[in-house]
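A.B. asks: Provided below for reference: sequence and predicted model.
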Amino acid sequence: MRRIQLVATLTLIAAASTACATKGFVNTRLSDVNTRVGGVDTKVDALSSALEDTQAQAARTEGRLSEVDRTATAAQTAAADASDAAGAANAKAQGATDAATAVERRTDAMAAASRRLIFEVVLNEDQGQFKFNAVELPDAVKARLDELVNQIKADPKGIYFEVEGHTDSTGPESINERIGLERADAVKRYLYEAHQVPLHKVSIISFGEARPVAPNTTRDGRAQNRRVVIRVLV
């Protein structure tokens with residue numbers, strides 16, 4: 001009987017010990033879980049705070065971009081206004097230039113109408129040695145120009161020159177027009193470089209083959225048509 005009681009007692013002690021051990025293990029596990037949960041909460045709070053900071057920064061960036069857009073739009077509007085103003089100013093300046101040119105032309109025309117011819121010099125192939133398709137001034141032409149200028153040096157300030165370039169009818173009309181102009185321009189350049197005649201006092205024009213003085217059907221006629229005519233006016 002005593003042995004049975006002792007076994008029963010030991011069984012109860014063992015059961016109580018096991019129950020105590022199990023309860024302690026559970027409490028330890030719960031404590032670990034609570035600790036981990038607390039760590040997760042901390043991380044979640046940190047992530048939430050970082051997300052809020054990111055959202056705030058994005059809002060500030062969007063605000064700055066909106067300000068940049070407004071500034072760019074204002075700059076584009078100002079540039080367009082400036083371009084319009086510049087266009088208007090250019091148009092006004094061009095109008096003033098055209099008006100001044102028209103006045104100058106009328107003045108020149110009036111002055112030209114009041115001038116009188118004092119003498120005229122014709123330099124053709126016989127007198128000036130202008131060869132076919134040539135535009136350079138031969139020495140004979142330069143000598144005649146020197147003689148011409150020497151005759152008017154007594155009162156050079158009131159002298160004006162009109163220089164015409166002419167060709168024969170050989171070749172295309174457009175080429176003859178160019179050659180006539182280059183011959184007249186060569187005379188103008190020589191008067192300026194050799195005798196300091198002001199450029200604004202020398203007018204040049206090309207008639208090309210349009211004003212022949214002799215038939216272009218003969219060699220002598222074509223030689224006469226290749227010429228430069230210089231008129232001196234006061």
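C.D. replies: The structure has been received and is ready for your questions.

A.B. asks: The residue nearest to the spatial centre of the chain: helix or strand, and which one exactly?
C.D. replies: Computing the C-alpha centroid of the chain and ranking residues by Cα atoms, centre = their mean puts Ser83 first, at 14.3 Å. In this structure, Ser83 sits in helix 2-114 according to DSSP states H and E.

A.B. asks: and the next element down the chain from that helix?
C.D. replies: strand 117-123.

A.B. asks: what's that next one packed up against?
C.D. replies: Taking 3 or more Cβ pairs under 8 Å, 6 or more residues apart in numbering; DSSP states H and E as the contact definition, the neighbouring helices and strands of strand 117-123 are helix 139-152, strand 227-233. Bear in mind the C-beta positions are built from the backbone N, C-alpha and C, glycine included.

A.B. asks: quick one, domains of this protein?
C.D. replies: Here the domain assignment for the chain is 1-101, 115-233, based on automatic domain parsing.

A.B. asks: picking up where we left off before, so how far is Ala58 from the residue nearest to the centre of the chain?
C.D. replies: 37 Å (Cβ to Cβ, to the nearest Å).

A.B. asks: same deal with Gln196?
C.D. replies: Gln196 sits 78 Å away from Ala58 when distances are taken as Cβ to Cβ.

A.B. asks: re earlier: mean confidence for the helix holding Ser83?
C.D. replies: Confidence for helix 2-114, expressed as mean pLDDT, is 69.

A.B. asks: try stretch 163-182
C.D. replies: If you average the pLDDT values across stretch 163-182, you get 93.

A.B. asks: Now it: buried residues?
C.D. replies: Taking 16 or more other Cβ atoms under 10 Å as the neighbour-count basis, stretch 163-182 is seen to contain the buried residues 163-169, 176-181.

A.B. asks: nearest to Thr35, of these?
C.D. replies: Compare each of the buried residues of stretch 163-182 with Thr35 using Cβ to Cβ and the shortest gap goes to Arg178, at 103.3 Å.

A.B. asks: which SSE is that closest one in?
C.D. replies: In this structure, Arg178 sits in helix 173-195 according to DSSP H and E.

A.B. asks: Report the inter-axis angle for that helix versus strand 227-233.
C.D. replies: Between the direction of helix 173-195 and that of strand 227-233, the angle (axes from the mean of the first three to the mean of the last three Cα atoms, to 10 degrees) works out to 50 degrees.
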